[in-house]
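K.L.:
need a structure here:
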Amino acid sequence: MQADSSGAASRRSGEHAGRLEAVIRALRASQRLSDAHPIGPETVLLEQGLALDSLSVLRFVLALEQEFACALEIDEISPRNFRTVGAVAALLAAKAAGGPPRDA
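P.N.:
Numbers count the residues shown, from 1 in each chain. Purely as a prediction, here's the structure:
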């Protein structure tokens, strides 16, 4: 039985890694960031981090919607959900699982 739960955990880990990479891909494309610019789950998008402004966030949202074939609701586009790359990936994971938006 432990192999089944281990397999499920491995699958979730792989899904998380794939989702995170897709978020990073969308961020790089929307902001025209090169691969030389280090980006990871803790990369801060607002404030002192990449300091995305409102237009940059809009471009990122459009890239995410295209990458994930989903629509982000206006109340999901919040500082809490867009603080870090990891927070964006968590929001998209919740949407994929059919969960409620984190800020709703």
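
K.L.:
alpha carbons only for contacts and neighbour counts from here, please
P.N.:
Will do.

K.L.:
would you list every one of the helices in the chain?
P.N.:
Read by DSSP state H, the chain holds these helices, from start to end of the chain: 2-31, 54-68, 85-96.

K.L.:
Tell me the span between the first and last residue of stretch 42-59.
P.N.:
When the termini of stretch 42-59 are compared using Cα to Cα, to the nearest Å, they are 20 Å apart.

K.L.:
for stretch 78-87, same thing?
P.N.:
Span of stretch 78-87 from end to end, Cα to Cα: 10 Å.

K.L.:
tell me which residues in that stretch are buried?
P.N.:
When neighbours are counted by 16 or more other Cα atoms under 10 Å, the buried residues of stretch 78-87 are found to be 81-87.

K.L.:
now Ala63, nearest residue through space, not along the chain?
P.N.:
Ala26 (5.3 Å; Cα to Cα, 6 or more residues apart in numbering).

K.L.:
Please apply the same query to Gly86.
P.N.:
Closest residue in space to Gly86, ignoring its immediate chain neighbours: Pro41 at 4.2 Å, by Cα to Cα, 6+ apart.

K.L.:
Which residues are in contact with that neighbour?
P.N.:
Residues counted as contacts of Pro41 (Cα atoms under 8 Å, 6 or more residues apart in numbering) are 20, 84-87.
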